[in-house]
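generate coordinates for the sequence data below:
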Amino acid sequence: MSGQGAALYGGRFNSKGVPALYASLSVLTALREANQVGDLQPTTLVCYRAAIAMVFDTNDAAALDAAGLDEAALADPSWRDQMKATGEAKTQRFARDLIGAGYNGLLVRSFAKGAGPGDMNLVLWRWGKGTSSLLELIDDEDRLR
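Predicted coordinates for the structure are as follows:
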C-alpha cells in the first residue's frame with residue numbers, strides 16, 4: 001500500500017522517487033503483470049475497495065492525443081532505456097504532467113505478454129483514507145497480518 005517499491009526504481013508511469021501503486025482490474029491481468037519474466041512464480045494477490053476521483057482514461061483517444069501520446073507511445077518497451085538515457089521516460093513525463101494537473105491515477109491497458117485491449121490496469125499516485133482517492137485493502141480474515 002505504500003508505493004515505495006515503485007518509487008525506489010521507477011515504473012512505466014512513475015519516475016524514481018514518486019510513489020505509485022500499480023493495480024489490475026482483473027485477476028488474470030494481475031497474474032500476467034506480476035509474472036512477466038519466465039515461468040509462473042509464487043504470487044500474492046490482494047483486493048481493494050476503491051472510490052477514486054480524477055483518473056485519466058487512456059481509452060479516451062481524444063484526451064490521449066491532446067496529451068501528445070498514442071497507444072504505441074504508452075506501450076513502448078524502451079521506457080527503461082529512455083529513463084536511463086535522459087532520467088525520465090516519455091510515459092513518466094506524461095504521468096508527471098497528470099499528477100501536476102491534479103489526477104490521482106491513470107487507467108491504462110496492460111502491455112504484459114498475452115494481454116488484450118480489455119486487460120486494464122490502474123496506476124495510482126495519490127490514495128488513502130479520507131481523500132478523493134479512497135483505497136482500502138480488503139483483508140477481512142486478517143490473512144496478511
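
quick check, central residue of the protein?
Centrality entry for the chain: nearest residue to the mean C-alpha point is residue 123, 2.6 Å, by C-alpha atoms, centre = their mean.

find the nearest non-adjacent residue to residue 48, please.
Excluding its sequence neighbours, the residue lying closest to residue 48 (C-beta to C-beta, 6 or more residues apart in numbering) is residue 135, at 5.4 Å. Backbone N, C-alpha and C define where each C-beta goes, glycine included.

give me phi/psi at the one you found?
Main-chain torsions, residue 135, degrees, to the nearest 10: phi -140, psi 130.

could you list everything it pairs with in the sheet?
Beta-bridge pairing of residue 135 under DSSP bridges involves residue 50.

tell me how many other residues crowd it.
Neighbour count of residue 135, defined by other C-beta atoms under 10 Å: 21.

how about the contacts made by it?
Residue 135 sits next to 1, 21, 48-50, 52, 124, 127-128 when contact means C-beta atoms under 8 Å, 6 or more residues apart in numbering.
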